[in-house]
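Peer 1: Quick check, what structure comes out for this input:
(2 chains)
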Amino acid sequence: MTQQPPRRLLDDPSVAAQLRGDLVHARAHPTGYDPEAGLSALRTALDGLAPGGPVDGRASRGDELTEPSRQGAEWSESLRAVATRWWGWTAVGLATVGAVWWSQHTPLLPPQRAASERAAMQVEAEREASQPAGARAEAVATAALDAQVAVAAQATLAAQSEYVAPAKVASRAPSTRAKSAVSRRGAGGAESAVTERATSSVQSLFPVAQETASSRETDAATKRASEPASRASSEPRAGTAEVEHLARVRRLLATEPHEALAAAREGQKTFAQGLLVEERAGLIVFALARLERTDEALREGRSFLRAHPDGPFAARVRAIVTRIEGLTP
Amino acid sequence: MERPAPLDDHRAYVERLFREHAGFVASFLARLGVAQADLDDAVQEVFTVAYCKGAFVPDRATARSWLGAIAVRVASGQRRRARFRRERLEAEPAAAVASDTASAQHTLEVRESLSRVNRALESLELPQRAVFVLFELEGEDCAAIAEALEVPVGTVYSRLHTARKRFLAAHEHLLLAENEPSQRRESVGRSDAGERP
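Peer 2: Numbers count the residues shown, from 1 in each chain, chains lettered A, B, ... in the order given. Coordinates of the predicted model:
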């Protein structure tokens, strides 16, 4: 026997007019929402998931048992990604070590002072050689530039590698001390002007070093101002954690099915009431198939198909189950 | 009926779903009781989960009812978290009404209507509330709701029946409570007149 679809309250004349009127108003006034503003936030969120991509039933076919070339491609892709990341971090590390070594091996003086001293010596030498004022000014500015470049480079590297506390960065930022010392030693207004020009060029070369201290202060102020609004987003969001967990399982599946299996099973416990139970169950079947644990894959696969016969993973799981059943004598 | 997108276009497909249905999802989440302060996060969560789930498999479900089913789960999670606040529901839609309605009298009526609907919705459990909102306010049909929620259509009817009973009772109670003070004033006025010599 089939039931007749019910009539909506809105369309039912036997329902009180007041109630229908209220429903009409409710229907006509949905919550205002700006999809374009939300879309940019969504894109950022999806970018964060990009390495794993969607956990789609079609993302990798139900071919875990038979397509090593595909696994090989996934392997090489993952290795390439790891290598790229490794080289990137290595380069940053080497640069940092180099900067530290340079600062420690420059003649027993802090870098700002050493460079300033070099600048002063250069000025003296130039004065002795009775060079024109403009040329001397350029030399002073170059020395100042050297000093500030060195300091700014360190501050930039430190800021990028996040090893330096904000106070240290502020104290190391292209120093007014070095600048003023050089200016004092300089001869006349022309030198000061060139020094200023050099300073501003350094600032444009190393914006991170210049901005670090002030931006941190601004950030702190912004954070304080928007604290009530941002508290919600800074709180742990169970849904987001589950999404990130699933993306990790999927990434692992391509290269480390053992780990993927363990993580997926752990996820089923952690997010037992979660939104992605079906997806994790599907990934468990795929991982078992990749590990050639056919008995378990068959058991889990059948169980999956009973629970989710029409879901996006069903076709792949069914293919695995059918294949294993075909292998069994 | 929408078809699932090819995998290469999956992200574009989810973005298109967002453009077309984010307003519905936001409204639906609000009607399920998600506070305004949490609404942006909840909408993002719905579409991120939709992305992770891959394309939905359309049978009788529509994209809206599929997203609605995810939204129900997200709202359920929000409910479990501490920031779920019922009292915010009343004031928020009214503010939107005030800005787009010229007549003050009409604005007041709409405010009162929305307030009554929201308060009556609060008397419903989440599963009934979801079915009621999808069917009565969003115009989805029962088969699509059943498909999206992965329950038999009979369960949808049953939830809708329960939801209507409770909603009607709550609505009536609210109307009585609103009319009570004026009735009391009238009766007080009458008794005052009767006592007068």
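
Peer 1: quick one: low-confidence ranges for chain B?
Peer 2: B:1-8, B:55-61, B:81-102, B:181-197 (pLDDT under 70).

Peer 1: Would you state the helices of it in chain order?
Peer 2: In chain B, the helices defined using DSSP state H lie at B:10-31, B:36-52, B:63-80, B:88-100, B:104-121, B:126-132, B:142-149, B:153-195.

Peer 1: Any chance of the ones you listed in CSV with distance to residue A:14 and mean neighbour count as columns?
Peer 2: Bear in mind the C-beta positions are built from the backbone N, C-alpha and C, glycine included. Listed next are the helices of chain B as CSV, based on distance: least, Cβ to Cβ, whole Å; neighbours: other Cβ atoms under 10 Å in any protein chain shown:
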stretch, distance to residue A:14, mean neighbour count
helix B:10-31, 24, 21
helix B:36-52, 35, 24
helix B:63-80, 27, 22
helix B:88-100, 27, 16
helix B:104-121, 18, 19
helix B:126-132, 18, 22
helix B:142-149, 20, 23
helix B:153-195, 11, 14
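
Peer 1: what's the closest of those helices to residue A:309?
Peer 2: helix B:142-149 (12.7 Å; Cβ to Cβ).

Peer 1: Check which helices and strands the closest one sits against.
Peer 2: With contacts taken as 3 or more Cβ pairs under 8 Å, 6 or more residues apart in numbering or on different chains; DSSP states H and E, helix B:142-149 sits against helix B:63-80, helix B:126-132, helix B:153-195.

Peer 1: Check chain B for the residue nearest chain A and tell me.
Peer 2: residue B:54 (3.0 Å; Cβ to the nearest Cβ).

Peer 1: That residue reaches residue B:13, doesn't it?
Peer 2: No. Taking contacts as Cβ atoms under 8 Å, residue B:54 lies outside contact range of residue B:13: 9.8 Å.

Peer 1: any idea how far the residue of chain B closest to chain A lies from residue A:276?
Peer 2: Per Cβ to Cβ, to the nearest Å, residue B:54 is found 11 Å from residue A:276.

Peer 1: go on, residue A:295?
Peer 2: Taken as Cβ to Cβ, the span from residue A:295 to residue A:276 is 26 Å.

Peer 1: Then residue A:242?
Peer 2: 6 Å.

Peer 1: so what sits against both of these two?
Peer 2: Shared contacts of residue A:242 and residue A:276, defined by Cβ atoms under 8 Å, 6 or more residues apart in numbering or on different chains, are found at residue A:267.

Peer 1: Neighbour count: residue A:295 and residue A:276, which is higher?
Peer 2: A count of neighbours by other Cβ atoms under 10 Å in any protein chain shown puts residue A:276 above the other of residue A:295 and residue A:276, at 23 against 10.

Peer 1: How about the more buried one, nearest residue that isn't a chain neighbour?
Peer 2: Distance criterion Cβ to Cβ, 6 or more residues apart in numbering or on different chains; nearest residue to residue A:276, sequence neighbours excluded, is residue A:246 at 5.1 Å.

Peer 1: how long is stretch A:22-37 end to end?
Peer 2: Using Cα to Cα, to the nearest Å, one end of stretch A:22-37 lies 30 Å from the other.

Peer 1: my read: residue A:258 touches residue A:291, true?
Peer 2: Yes. At 6.7 Å, residue A:258 counts as touching residue A:291 under the criterion of Cβ under 8 Å.

Peer 1: If you count surrounding residues, which of these two has more?
Peer 2: residue A:291 (15 against 11).

Peer 1: Next up, the contacts around residue B:132.
Peer 2: B:121, B:124, B:159-160, B:163-164, B:167.

Peer 1: Also compute the angle for the strand or helix carrying residue A:281 relative to helix B:36-52, please.
Peer 2: For residue A:281, the element it lies in under DSSP states H and E is helix A:277-290. Using axes from the mean of the first three to the mean of the last three Cα atoms, to 10 degrees, the inter-axis angle of helix A:277-290 relative to helix B:36-52 is 30 degrees.

Peer 1: Could I get the buried residue list for helix A:277-290?
Peer 2: Going by neighbour count (16 or more other Cβ atoms under 10 Å in any protein chain shown), the buried part of helix A:277-290 is A:277-290.

Peer 1: worst-scoring helix or strand of chain A, pLDDT-wise?
Peer 2: Least confident helix or strand of chain A, by mean pLDDT, DSSP states H and E, is helix A:166-172 with a mean of 35.

Peer 1: which phi and psi does residue A:274 have?
Peer 2: phi -80, psi -170 (degrees, to the nearest 10).

Peer 1: Make JSON lines from the helices and strands packed on helix B:142-149 and add distance to residue B:108 to it.
Peer 2: Below are the helices and strands packed on helix B:142-149 laid out as JSON lines (distance: least, Cβ to Cβ, whole Å):
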{"stretch": "helix B:63-80", "distance to residue B:108": "29"}
{"stretch": "helix B:126-132", "distance to residue B:108": "26"}
{"stretch": "helix B:153-195", "distance to residue B:108": "13"}
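
Peer 1: Quick one: closest of these to residue B:103.
Peer 2: Judging the helices and strands packed on helix B:142-149 by Cβ to Cβ, what sits closest to residue B:103 is helix B:153-195, at 20.4 Å.

Peer 1: re the thing from before, so which of the helices of chain B is nearest residue A:300?
Peer 2: helix B:36-52 (20.2 Å).

Peer 1: Okay, angle between the closest one and helix B:63-80 too, please.
Peer 2: 130 degrees.

Peer 1: Could you give the separation of helix B:36-52 from the chain centroid?
Peer 2: 16 Å (Cα atoms, centre = their mean, to the nearest Å).

Peer 1: For residue A:12, which of the helices of chain B is the nearest?
Peer 2: Nearest of the helices of chain B (Cβ to Cβ): helix B:153-195, 10.1 Å.

Peer 1: coming back round to it: tell me the secondary structure at the residue nearest to residue A:276.
Peer 2: Of the three states, residue A:246 takes helix under DSSP: H, G, I helix; E, B strand; the rest coil.

Peer 1: wouldn't it be in contact with residue A:279 here?
Peer 2: Yes. Contact criterion Cβ under 8 Å: residue A:246 and residue A:279 qualify, at 5.8 Å.

Peer 1: Need the contact partners of the helix holding residue A:281.
Peer 2: A:55, A:57, A:60, A:62, A:64-65, A:71, A:246, A:249-250, A:253, A:257-258, A:260-261, A:264-265, A:267-268, A:271, A:294, A:296-297, A:300-301, A:303-304, A:307-308, A:311, A:313, A:316-317, A:320, A:324, B:52-53.

Peer 1: now it: mean pLDDT?
Peer 2: For helix A:277-290, mean pLDDT is 92.

Peer 1: So for the helix or strand just after it, what gets flagged as buried?
Peer 2: Next helix or strand after helix A:277-290 toward the C-terminus (DSSP H and E): helix A:294-307. Across helix A:294-307, burial judged by 16+ other Cβ under 10 Å covers A:294, A:297-298, A:300-302, A:304-305.

Peer 1: residue contacts, residue A:295?
Peer 2: With Cβ under 8 Å, 6+ apart, residue A:295 has no contacts at all.

Peer 1: State the distance from it to residue A:23.
Peer 2: 55 Å.

Peer 1: go on, residue B:176?
Peer 2: 18 Å.

Peer 1: if we can go back for a sec, which stretch among the helices and strands packed on helix B:142-149 comes nearest residue B:9?
Peer 2: helix B:63-80 (14.8 Å).

Peer 1: ok, and does the closest one reach over to chain A?
Peer 2: Yes. Using Cβ under 8 Å from any Cβ of the partner chain, helix B:63-80 reaches chain A at B:70, B:73-74, B:76-77, B:80.

Peer 1: Outside of that helix itself, list whatever touches it.
Peer 2: By Cβ under 8 Å, 6+ apart, helix B:63-80 touches A:238-239, A:273, A:275, B:2, B:17, B:20-21, B:24-25, B:28-29, B:32-35, B:38, B:42, B:45-47, B:49-50, B:53, B:56, B:58, B:61, B:84, B:126-127, B:130, B:134, B:138, B:140, B:144-145, B:147-150.
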